[in-house]
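**Q** sequence below, structure please.
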Amino acid sequence: NFEPVDRAGRWLLLDDARDVLPGIAVLPTPGHVPYHQSVTVSDAGDTALFLADLVPTSAHLPLPWIMAYDVEPLRTLETKRAVLREAAERGWRLVFEHDPSVAWGRASLGGDGAHVVLEEMELVEPGSGESGAGAS
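**A** Numbering: from 1, shown residues only. You can find the predicted model right below:
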């Protein structure tokens, strides 16, 4: 229960992106649940976007590929469209925390501008849990 956190004044619901530490920001990505957040980590001009349950695996990159148990699937679709477009335009790394074989990738917008294509990716070495050589 979150009441003790709320009573202590440590509870903050965000409606927009917010820096929490230098180089680390949270980004509201509603849809899976109403207050779902993703995290960006930036350093030396490179940004990684930890997508969490918005896009849990690289297989979920196509806009309509949404988990059946998302609370607000139409909102997930809207959020994915906006977040993936921004990530592609800015060249962010997309981190797939739940993907057993793709650790991260960079995406670009397809020729029609309506879909996302994974252009560069880092694979997970089978059985190791460690990232391996990149693939293109």
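**Q** neighbouring contacts of stretch 90-107?
**A** 40, 46-53, 55-59, 61, 84, 86-88, 116-124, 126, 131 (C-beta atoms under 8 Å, 6 or more residues apart in numbering). To be clear about C-beta, it is placed using only N, CA and C from the backbone, and glycine gets the same treatment.
**Q** PyMOL command to pick out the buried ones of those residues?
**A** Only the buried entries of the contacts of stretch 90-107 go into this PyMOL selection, using 16 or more other C-beta atoms under 10 Å:
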select buried, resi 40+47+48+49+50+51+52+53+55+57+58+61+84+87+88+116+118+121+122+123+124
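**Q** helix, strand, or coil at residue 89?
**A** Three-state assignment for residue 89 (DSSP: H, G, I helix; E, B strand; the rest coil): helix.
**Q** and the closest residue to residue 19 other than its chain neighbours, bridged to which residues?
**A** Nearest residue to residue 19, sequence neighbours excluded (C-beta to C-beta, 6 or more residues apart in numbering): residue 25, at 4.8 Å. Per DSSP bridges, the residues bridged to residue 25 are residue 19, residue 40.
**Q** number of residues surrounding residue 25?
**A** By other C-beta atoms under 10 Å, 18 other residues sit near residue 25.
**Q** looking at the protein, which helix or strand is least sure?
**A** strand 131-135 (a mean of 51; mean pLDDT, DSSP states H and E).
**Q** figure out the helix or strand that residue 80 lives in.
**A** helix 73-90 (DSSP states H and E).
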